[in-house]
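Colleague: coords please:
(one chain, ligands or ions: 1)
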Amino acid sequence: MRIRRARKADAREISNLRRKTLINVNGKDYAKEQIDYFMEIASPEKISENISMRDMFCIVNNENEIMGVVDLKDNKIGGLFVKHDQIGKNIGTKLLKFIEGFAKKKKLSKVHLFSTKTAIGFYDKNGYKMVEEFKWIPEEHPELKMTSYKMEKNLK
Ligand SMILES: CC(C)(COP(=O)(O)OP(=O)(O)OC[C@H]1O[C@@H](n2cnc3c(N)ncnc32)[C@H](O)[C@@H]1OP(=O)(O)O)[C@@H](O)C(=O)NCCC(=O)NCCS
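Modeller: Next up, the predicted model:
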């Protein structure tokens with residue numbers, strides 16, 4: 001497996017990966033309406049926009065299939081998703097270590113992220129501390145109540 005920069009041509013594959021992981025993995029922790037909202041913001045168009053605005057990377061196997069994805073914008077790590085049938089094979093750890101190294105090369109001393117409920121234990125294991133838990137309502141979906149978990153880590 002190798003990690004490479006995401007390209008605009010990857011947007012559809014990344015969108016499919018995220019959407020399947022949302023259903024199969026995050027679905028255990030969220031109501032259907034909440035998953036539907038996360039699916040909306042994982043559209044190919046939105047991912048394509050993120051590829052231009054952020055430093056996004058994917059990990060690919062020998063057949064060049066994308067197995068996971070992560071991005072960095074300023075000092076915020078985002079969009080860490082592993083393909084649903086590849087969960088628990090250390091891919092998430094590899095991507096997280098990679099993006100932390102990339103942030104260090106950019107001379108950042110601290111990174112933060114907004115964790116899903118699903119991934120809190122994973123980030124905790126990787127040295128992230130919970131700094132804030134807050135409720136918010138998506139502008140486009142005032143009927144939804146969401147909770148986000150802000151976590152941060154000092155980079156050594
Ligand atoms: C969270 C996620 C990125 C982790 O990736 P992964 O490849 O499955 O994790 P790894 O195999 O690298 O796990 C490494 C270690 O963390 C532990 N771990 C993984 N996910 C965990 C979780 N949700 N809670 C607690 N521990 C977890 C593993 O048990 C493993 O421990 P071990 O080394 O003692 O065996 C992945 O499960 C995922 O895509 N989840 C759904 C999407 C999501 O919510 N992403 C976060 C967006 S903020």
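Colleague: what residue in this structure comes nearest to the ligand?
Modeller: When distances are taken as Cβ to the nearest ligand atom, the chain reaches nearest to the ligand at Gly92, 2.1 Å away. No exception for glycine: its C-beta is placed from N, CA and C like everyone else's.
Colleague: kindly check the end-to-end length of stretch 1-8 for me.
Modeller: Taking Cα to Cα, to the nearest Å, the first and last residues of stretch 1-8 lie 20 Å apart.
Colleague: just stretch 63-82 next, same as before
Modeller: 16 Å.
Colleague: state the mean pLDDT of it.
Modeller: Stretch 63-82 shows a mean pLDDT of 97.
Colleague: what about Val70, how many neighbours?
Modeller: Neighbour count for Val70, taken as other Cβ atoms under 10 Å: 27.
Colleague: ok, Asn75 - contacts?
Modeller: 103, 108, 110-112 (Cβ atoms under 8 Å, 6 or more residues apart in numbering).
Colleague: surely Arg18 and Gly79 touch.
Modeller: Yes: using Cβ atoms under 8 Å, Arg18 makes contact with Gly79 at a distance of 7.5 Å.
Colleague: okay, and the common contacts of these two?
Modeller: Val69.
Colleague: which parts of this structure are helices?
Modeller: 11-24, 32-40, 44-53, 91-105, 120-125 (DSSP state H).
Colleague: can you pull the residues of the protein lying near the ligand?
Modeller: Counting by Cβ under 6 Å from any ligand atom, the residues of the chain close to the ligand are 21, 25-26, 80-82, 87-93, 113, 115-116, 118-119, 121-122, 125.
Colleague: so among the residues you listed, which ones count as buried?
Modeller: 21, 25-26, 80-82, 91-92, 113, 115-116, 119, 122 (16 or more other Cβ atoms under 10 Å).
Colleague: what does stretch 148-156 rub up against?
Modeller: 100, 103-104, 108-117, 120, 123-124, 126-134, 136.
Colleague: could you give me the PyMOL selection string for whichever of those are buried?
Modeller: Buried subset of the contacts of stretch 148-156, written as a PyMOL selection, criterion 16+ other Cβ under 10 Å:
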select buried, resi 100+103+111+112+113+115+116+120+123+128
